[in-house]
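Student: Got a predicted model here, sequence first, then my questions.
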Amino acid sequence: MQVQIISARKVKESSGGGYKMFRGLGQGIKAYHYAVVFADGKRYETQTEYEHPGQKIEFNKQQQIEDAIKWHTKQVEKNNLEQIVIINNKLQYFTKKLLTLSKKEIDFFKHKLFPILNQFTRLQQIIKLGSKYNIPLRQIRELTELGYIYYFNNIIRGLDKAGGMAAFNKVVADYEKLPTLTTRTSTIVDLAQYSTPAPVAYLFGEFAGEVEIAFDPTAGNGMLFLNVKAKEKYGNEISLYRLKNLNYQGINTTYFDATKEFPEDYKQKFDFVVTNPPFGTFPPMKFDKYEITSLEHYIVLKALETMKPTGKAAIIVGGNVNYDTNGIITPGKFRQFLFYLYSRYNVVDVLNCSGDLYYKMGASFPITIIFIKGITHQPKYPPRVDFDFSTGMTNSPNQIQHFEAIKSRVENLI
């Protein structure tokens, strides 16, 4: 179960209660305890402490909350505390049961689905198989995507010794053969949870190279970590289904709201930041003099605050950048977003891509891919683009239609 703390504070005891216990100790003595109230109605209280004149009792809030959670966990599900997170300044945690694939799900994935994944031609065939083992529809889809990640990881490991991008052609070929993830549950639609095509994820890993620590603030099932060679991977996600799959892969998981501030120790922590955030509108927010009005643009800017000054980032946002006949970005959300990016970061390429590249993941919306290498100490404006450039050349505004064209652009950046 998910549990939320709705109150955590120092409480002065009333004269009708605690004061009677020590009335004879002298005037001016006050009694306090610390109380933590949970959303399910359970209440944790410390022992009473007495405050004498000239003294002030200070409770260690974090310690009291941790003690309260340990106490509450024993009441709810003994020894199953998995993690603690902060959302909107309210402390939440999940029991281990919610964040781990069940034995039934693991058995279905390992022994029924994954061994024959490449034999399926339609998602409906997988759904039929999952229904036979009483796997919920939503989790069938998520486990199928998890299967894709493991499938492509096996390809990459098998061809990695060949060097270069030897695995790329095989990833593209097999990606086209696997079933299209056409099932769109209400949660997927509401949260715009459409994962990155495997060939794009592979190329992002090539761009990153070998790094110490990588971060995806909207990690989904972990597709963007597919080819990332990092000693540590941190994936943030708000879907419990997808958190299970991330944990199954051994990824460090958190449950932060990606539109809020990340913890202080995340600031400039990561060598590589990669993200394909949900697309949508957002209340206007100012970054310096630039107004940001898209959900994905806002999430990207908050995520980039976690990138080291010498780090790299690979980003996907919705829509394409429009240019006027002089090759300058037209007024609108992209102009504000990109002008801010170029003023703070070393943007090395911007690619307009066709939505057709996404159809296997259940979507067809056009996207823009942005590559960044560190922060910049010389703010600049986005460069003009030349409409005579081919799609394989740097700064071309033409819409990319094939994975091979993205590969050519990435090779220019490595």
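Tutor: Everything's here; your move.

Student: How far does the longest helix seen in the chain sit from its chain's centre?
Tutor: Taking DSSP state H as the criterion, the chain has its longest helix at helix 137-159. Here helix 137-159 is found 18 Å from its chain centre; the criterion is CA atoms, centre = their mean, to the nearest Å.

Student: What mean pLDDT does it get?
Tutor: Across helix 137-159, the average pLDDT comes to 91.

Student: and what of stretch 371-389?
Tutor: The model assigns stretch 371-389 a mean pLDDT of 82.

Student: Run through the neighbouring helices and strands of the longest helix of the chain.
Tutor: helix 123-132, helix 168-177, helix 186-190, helix 198-208, helix 240-248 (3 or more CB pairs under 8 Å, 6 or more residues apart in numbering; DSSP states H and E). (Each C-beta comes from the backbone N, C-alpha and C, glycine too.)

Student: you'd agree Lys302 is up against Asn236?
Tutor: No. Between Lys302 and Asn236 there is no contact under CB atoms under 8 Å: 10.8 Å.

Student: any common contacting residues for those two?
Tutor: 217, 258 (CB atoms under 8 Å, 6 or more residues apart in numbering).

Student: Pull the number of nearby residues for Phe64.
Tutor: For the record, residue 64 is Gln, not Phe. Per other CB atoms under 10 Å, the neighbour tally for Gln64 reads 20.

Student: same question but for Arg43, I mixed them up
Tutor: When neighbours are counted by other CB under 10 Å, Arg43 comes out with 11.

Student: Nearest spatial neighbour of it, chain-adjacent residues omitted?
Tutor: Val37 (5.2 Å; CB to CB, 6 or more residues apart in numbering).

Student: Next one: that neighbour from Glu66, what distance?
Tutor: Distance, Val37 to Glu66, using CB to CB, to the nearest Å: 16 Å.

Student: coming back round to it: among the helices and strands packed on helix 137-159, which comes closest to Val347?
Tutor: Among those, helix 198-208 comes nearest to Val347, with 13.2 Å by CB to CB.

Student: Tell me what angle the helix or strand following that closest one forms with helix 198-208.
Tutor: Under the assignment DSSP states H and E, the closest C-terminal helix or strand after helix 198-208 is strand 210-216. Angle, strand 210-216 to helix 198-208, by axes from the mean of the first three to the mean of the last three CA atoms, to 10 degrees: 130 degrees.

Student: what's the neighbour count on Leu137?
Tutor: 12.

Student: Tyr150 versus that one, what's the distance?
Tutor: Leu137 is 21 Å from Tyr150, by CB to CB.

Student: go on, Lys12?
Tutor: Separation of Lys12 from Tyr150 (CB to CB): 56 Å.

Student: If anything else comes up later, I'll come back, but that's it for now.
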